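Asks: any chance you can model this:
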Amino acid sequence: MVKSHRSLACIRGRAACKPIWKGWLWLAALAGCTLLAALLATSAESLGDFTHETDIGGPLRAGSATFDAARGEYHITGGGANMWGQTDAFHFVYRLASGDLTLTTSVRFPEAGGNEHKKAGWMVRQGLGASSPYADVVVHASGLTSLQYRLTEGGETEEIQSKISMPETIRLVRLGNSFSLWAARAGGLLELAGSVDIPLHDPVYVGLAVCSHDAAALEEAVLSNVSMLAGKQEEDDNRRVESRLEIISLDGGDRHVAYHAEKRFEAPNWSRDGKFLLFNSGGRIYTLPVAGGEPRLLDTGEATHCNNDHGFSPDGRWLAVSNSPGEDSLVYVLPAAGGKPRQVTERGPSYWHGWSPDGKTLAYCAERGGNFDIYTIPVEGGAERRLTDAPGLDDGPDYSPDGQYIYFNSERTGWMQIWRMRPDGTGQEQVTNDDSANWFAHPSPDGKWLVFVSFDKRVKGHPPNKDVTLRLMSTAGGAPRVLANLFGGQGTMNVPSWSPDSKHLAFVSYRLLKP
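Replies: Model prediction:
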């Protein structure tokens, strides 16, 4: 609100006051409109997932925050002498929350220089006072990464340090009164550094904190890939979600959100001309310009119960979809621009996953006689050919661009790993052999790279609402590296999603919404 001020003329008498009073009313109204506009400009939407921002501990210089929705980045400027000892001073972007929490982000400082202990990261705080008990996971400009905490009001700050310097991803996990620090090297998996019990009662203040470690300075931090999950509700497959169609560069340096909506959509494909993306939602297929915009419904005729297994022919003229006219999914082909679908597989369930480079053959996963295996069939229809017969699930076949191999995932060794074979099913060999459950391998159009989705090996199947990683490895061999950590799973990248130039990938991440 804007406080009104009485002029000296008003003290001298009503006659002199009247026109000046009107002028002050007009100025007050104008100021009120200006302030309202400013408040709207810093609304909850401009703060992304958060509702408020403030300076804690009265730093000499006021901080600020903005949210870049297109890139999914928080740009936060903070001052403050320190977040340490018995009192803190920093800028805080926050919301109230209760219960168990899983808080993940990546941190970078766009400007070199400043104090080497300027810091940024996640914080869970009992109150907004400078001496409040709290726990945070922060990255310092020096690379130091630690879980800082204060057990009591006005108590001393303590810490647990990670062995990983300048991590690519950090995570703060709250389970009851236990707080844990997780960190991941560039291209690596999240590793536990340590835990501590801190008696915080609900509700707590949860958000992103930035401190310059210099009372006279302001420093900026950029926090990206921010994820806040509440409780153990990720186990609920039916939770409401926000879906985010993201694009990431091959080196992981450029990651941005192309489209997001508060509904579940899945499995992006990239058009062969590189101009648009395709995804499924609610049984229908939609297209989206790569440059951004709104999705458009694709005409798929009577195929209105499509799942997340779909993709373009090598020449870009046709689209294969998996659609359930009844109980079972069947494979269909229709014009890429939309039109009447033609059924290809007679038996179900059948789930399309790959198209041969010559455009003549489809590869798919199908259940026959109680076992899921890899099959192929001519695009024009005919007899299907079974390529695998190992006990357990074989899934996700996709051709290499030279047509020499079909990559697929199989749990024949105990948990899901990536395999490959010749197009006739011979020469089956294991490609990955590690402690993750690896799904849906897709070779890049230039044949140099293989991307796949990795779950914790204790996860059965490929369910939604799980912590997963996108991992990249050379088709020539070698250890895979992490391209992105995200909250996803089913629908993240079931089908080929490479850009035609092999420089970018499209995928879907998710954020749980309140019931």
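Asks: quick one: Thr413 and Pro357, what's the gap?
Replies: Distance check for Thr413 against Pro357: by C-beta to C-beta, to the nearest Å, it reads 29 Å. Every residue, glycine included, has its C-beta placed from N, CA and C.
Asks: for those two, indicate the residue with more neighbours.
Replies: Set side by side, Thr413 and Pro357 give different neighbour counts by other C-beta atoms under 10 Å, the larger being at Pro357 (16 against 12).
Asks: that one contacts Gly403, correct?
Replies: Yes - Pro357 is in contact with Gly403 according to C-beta atoms under 8 Å; the separation is 4.5 Å.
Asks: helix/strand/coil for the closest residue to Ser509 other than its chain neighbours?
Replies: Distances taken as C-beta to C-beta, 6 or more residues apart in numbering put Leu486 closest to Ser509, at 4.2 Å, once the chain neighbours are dropped. Assigned by DSSP: H, G, I helix; E, B strand; the rest coil, the conformation of Leu486 is strand.
Asks: how close does Asp424 sit to Arg386?
Replies: Shown here: Asp424 relative to Arg386, a distance of 11 Å by C-beta to C-beta.
Asks: so which of the two has more stuff around it?
Replies: Ranked by neighbour count (other C-beta under 10 Å), Asp424 and Arg386 place Arg386 first, with 13 against 10.
Asks: ok but Ser46 is inside a helix, no?
Replies: Yes - looking at Ser46 with three-state DSSP, it is inside a helix.
Asks: wouldn't it be in contact with Asp68 here?
Replies: No - contact between Ser46 and Asp68 fails when scored by C-beta under 8 Å: they sit 9.9 Å apart.
Asks: which parts of the stretch 401-515 of the chain are strands?
Replies: If you assign secondary structure with DSSP state E, counting those that start in this stretch, the strands in the stretch 401-515 of the chain sit at 406-410, 417-421, 429-430, 436-443, 449-456, 466-474, 481-488, 504-512.
Asks: which among those strands is found nearest to Asp202?
Replies: Ranking those by their distance to Asp202 (criterion: C-beta to C-beta) puts strand 504-512 first, at 18.0 Å.
Asks: where does pLDDT dip in the chain?
Replies: Counting by pLDDT under 70, the chain has low-confidence residues at 1-45, 231-238, 514-515.
Asks: residues touching Cys211, list them.
Replies: For Cys211, the contact set (C-beta atoms under 8 Å, 6 or more residues apart in numbering) comprises 78-80, 82-83, 88-91, 118-120, 219.
Asks: what about 10 Å?
Replies: Under the criterion of C-beta atoms under 10 Å, 6 or more residues apart in numbering, the contact partners of Cys211 comprise 56-57, 59, 63, 78-84, 88-92, 115, 117-121, 136, 138, 140, 219, 221.
Asks: just Ser131 next, same as before
Replies: With contact set as C-beta under 10 Å, 6+ apart, Ser131 has these partners: 57, 85-88, 150, 152-155.
Asks: can you pick the most crowded of these?
Replies: Highest neighbour count within those, by other C-beta under 10 Å: Asp88, with 27 neighbours.
Asks: is it true that that residue touches Gln126?
Replies: No - the pair formed by Asp88 and Gln126 falls short of the contact definition of C-beta atoms under 10 Å, at 12.0 Å.
Asks: how about the strands in the stretch 1-150 of the chain?
Replies: Along the stretch 1-150 of the chain, the stretches classed as strands by DSSP E, counting those that start in this stretch are 52-56, 64-68, 73-78, 83-84, 87-88, 90-97, 101-108, 119-125, 134-140, 145-150.
Asks: any chance of these in TSV, plus distance to Asn438?
Replies: Putting the strands of the stretch 1-150 of the chain into TSV (distance: least, C-beta to C-beta, whole Å) gives the following:
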stretch	distance to Asn438
strand 52-56	40
strand 64-68	32
strand 73-78	29
strand 83-84	39
strand 87-88	42
strand 90-97	33
strand 101-108	21
strand 119-125	29
strand 134-140	28
strand 145-150	27
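Asks: identify the contacts common to Asp424 and Arg386.
Replies: By C-beta under 10 Å, 6+ apart, Asp424 and Arg386 have these common neighbours: Thr376.
Asks: now the strands for the stretch 201-350 of the chain?
Replies: For the stretch 201-350 of the chain, applying DSSP E, counting those that start in this stretch gives strands covering 204-211, 219-230, 241-249, 255-261, 266-270, 276-281, 284-289, 296-297, 306-312, 318-323, 330-335, 342-343, 350-355.
Asks: hang on, isn't the residue nearest to Ser509 packed against Asp467?
Replies: Yes - with contact taken as C-beta under 10 Å, Leu486 and Asp467 are classed as touching, separated by 7.8 Å.
Asks: of these two, who's got more company?
Replies: Set side by side, Leu486 and Asp467 show unequal neighbour counts under other C-beta under 10 Å, the larger going to Leu486 at 26 against 20.
Asks: bridged to the more buried one, which residues?
Replies: Beta-bridge pairing of Leu486, defined through DSSP bridges, involves Val468.
Asks: which ones are touching it?
Replies: Contacts for Leu486 (C-beta under 10 Å, 6+ apart) come out as 104, 169, 225, 227, 244, 246, 248, 255, 453, 466-470, 492-493, 507-510.
Asks: that older thread, mind giving me JSON lines with the strands of the stretch 401-515 of the chain and columns for distance to Ser178?
Replies: As requested, those are exported to JSON lines (distance: least, C-beta to C-beta, whole Å):
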{"stretch": "strand 406-410", "distance to Ser178": "34"}
{"stretch": "strand 417-421", "distance to Ser178": "33"}
{"stretch": "strand 429-430", "distance to Ser178": "38"}
{"stretch": "strand 436-443", "distance to Ser178": "25"}
{"stretch": "strand 449-456", "distance to Ser178": "19"}
{"stretch": "strand 466-474", "distance to Ser178": "18"}
{"stretch": "strand 481-488", "distance to Ser178": "21"}
{"stretch": "strand 504-512", "distance to Ser178": "21"}
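Asks: just these: most buried one?
Replies: Most buried of the strands of the stretch 401-515 of the chain, by mean neighbour count (mean count of other C-beta atoms under 10 Å): strand 406-410, with a mean of 26.
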